[in-house]
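> I would like to see how this sequence folds:
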Amino acid sequence: MTDLQDRPNRTSNSLMSPVDDEVSSRLFTSVVAIVEDRRQLSAALQEYKQQVEDDQQLIEALKEERKHAQVMLEKKEDEIEAGRRLAAEKQLKYDQLLDDYNQLRANDAREYELLQQQIKESRLNYAKLEADYTRFRAESTKNVQKLESDIRNGVVQYQQLVEKYNKLRDENARLVAHIAKFTEQMSSFRLHDVSTQPQFDPVPIHPTVEPGEPSDK
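From the prediction side, this is the model:
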């Protein structure tokens, strides 16, 4: 970068025309703008990569939470199945006691009523467990779908940013090659021009000090 900045100053002391100065200045300004754009894009890409890594950590946490929810769901299913078996067993016992009731109506009346109440409570508990399971499954499915959608959107945005960065990098490489070729052609032209001009005593050339840089005094 310093070499590119020094060349216009050196050539201004030789035989460069004002047109050459203007072209070189424009090229240098374009290069500085492209380098700055590339730096900003690289910073944005780095920031986006960090965001993607944070999102990945969140995804892993959600996956772990989903795994835990799946375990809880399986436990709920086991409880529901146990409730079903208990209800079936209670129903079978109820039917057996109903037959005994026909034979021993007076003695079995109390136990019959007690078992009937237990069956009712078991059915209510089963209905509650089934409703909880249905609600939990719906919420889990909704969360998983939202997470998958967020992941897809993040991947698309990341790919677009990478494509933009690659395009700017390729354009920058082409411009640098063009500037190098132009500089080489201008150098050859100046050397040819100088060889045909009368020779003068060399004038010392002092490099221009950039603003904010210390001088060699």
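> what about the longest helix in this structure?
Longest helix in the chain, counting residues (DSSP state H): helix 105-195.
> so, low pLDDT: which residues of the protein?
Within the chain, the segments meeting pLDDT under 70 span 1-20, 106-109, 190-217.
> find the centremost residue of it, please.
V52 (2.8 Å; Cα atoms, centre = their mean).
> now the longest helix of the chain: how far from the chain's centre is it?
9 Å (Cα atoms, centre = their mean, to the nearest Å).
> ok, D150 touching D55?
Yes: taking contacts as Cβ atoms under 8 Å, D150 lies within contact range of D55: 7.4 Å. All C-beta atoms are positioned from the backbone trio N, CA, C, and that covers glycine.
> re the thing from before, the residue nearest to the centre of the chain: which element?
Take DSSP states H and E as the rule and V52 turns out to sit in helix 18-103.
> which other helices and strands does that helix contact?
helix 2-12, helix 105-195 (3 or more Cβ pairs under 8 Å, 6 or more residues apart in numbering; DSSP states H and E).
> what's the longest one packed up against?
Contact here means 3+ Cβ pairs under 8 Å, 6+ apart; on that basis helix 105-195 packs against helix 2-12, helix 18-103.
> can you add distance to A127 and give those back as a markdown table?
Output for these, formatted as a markdown table (distance: least, Cβ to Cβ, whole Å):
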| stretch | distance to A127 |
| --- | --- |
| helix 2-12 | 80 |
| helix 18-103 | 9 |
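> can you list the helices and strands packed on helix 18-103 in a markdown table and add distance to R38?
Shown next, in a markdown table, are the helices and strands packed on helix 18-103 (distance: least, Cβ to Cβ, whole Å):
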| stretch | distance to R38 |
| --- | --- |
| helix 2-12 | 15 |
| helix 105-195 | 6 |
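> nearest to M72, of those?
helix 105-195 (7.8 Å; Cβ to Cβ).
> tilt between that closest one and helix 18-103?
170 degrees (axes from the mean of the first three to the mean of the last three Cα atoms, to 10 degrees).
> now A61: how far from S149?
Distance, A61 to S149, using Cβ to Cβ, to the nearest Å: 17 Å.
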